[in-house]
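Asks: Here you go, sequence then predicted model.
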Amino acid sequence: MKPLTLAEVQELPAVVPLLMAARALGLSRNTAYRLVQRDEFPCRVLKVGDTYRVPTVELLVLIGADKQNVATVFGSRS
C-alpha cells in the first residue's frame, strides 16, 4: 500500500483510524497492531471502545510538517 503524502494527511479529519495512520507512516497493518500492543506506536493512540484512533496533528508533526504549518491547517478549519 502506498503511503499518504503530506497534503493527503493534511486533508484528514482530526482523528483517524489506526490503519489510516499506519498508511500515512508506511506501516503494514500487522506492524501497526504489533506496535500498539507493545505501546511502541510512534505517536499517541487513543482507544475508543474497541477501536484505535490516532490524532492527525500528531501524524503531521511526526512526518515532518512544521508546527506553523500544522497550526495553519488546523486553525483554518471550523
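Replies: Sure, I can see it.
Asks: Now do the SS call for G64.
Replies: coil (DSSP: H, G, I helix; E, B strand; the rest coil).
Asks: So it sits against A24, correct?
Replies: No. Using C-beta atoms under 8 Å, G64 is not in contact with A24, being 11.6 Å away. (C-beta placed from N, C-alpha, C; glycine too.)
Asks: the more surrounded of those two?
Replies: A24 (22 against 8; other C-beta atoms under 10 Å).
Asks: What lies in contact with stretch 34-47?
Replies: Contact with stretch 34-47 is made by 15, 18, 21, 25, 27, 32, 52-55, 58-59, 61-62, as judged by C-beta atoms under 8 Å, 6 or more residues apart in numbering.
Asks: Give me the buried entries from those residues.
Replies: 15, 18, 21, 25, 27, 32, 52-55, 58-59 (16 or more other C-beta atoms under 10 Å).
Asks: Now the two most distant members of those residues.
Replies: V15 and L27 (17.3 Å; C-beta to C-beta).
Asks: Just the CA atoms of the longest strand along the chain, as CSV, please.
Replies: Ranked by residue count under DSSP state E, the longest strand found in the chain is strand 51-55. Output of strand 51-55 as CSV, limited to C-alpha atoms (Å, rounded to 0.1, in the frame of the first residue of the first chain):
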residue,chain,number,x,y,z
THR,A,51,-11.1,0.6,18.0
TYR,A,52,-7.9,2.6,17.9
ARG,A,53,-7.7,6.2,16.8
VAL,A,54,-4.7,8.5,16.1
PRO,A,55,-4.7,12.3,16.3
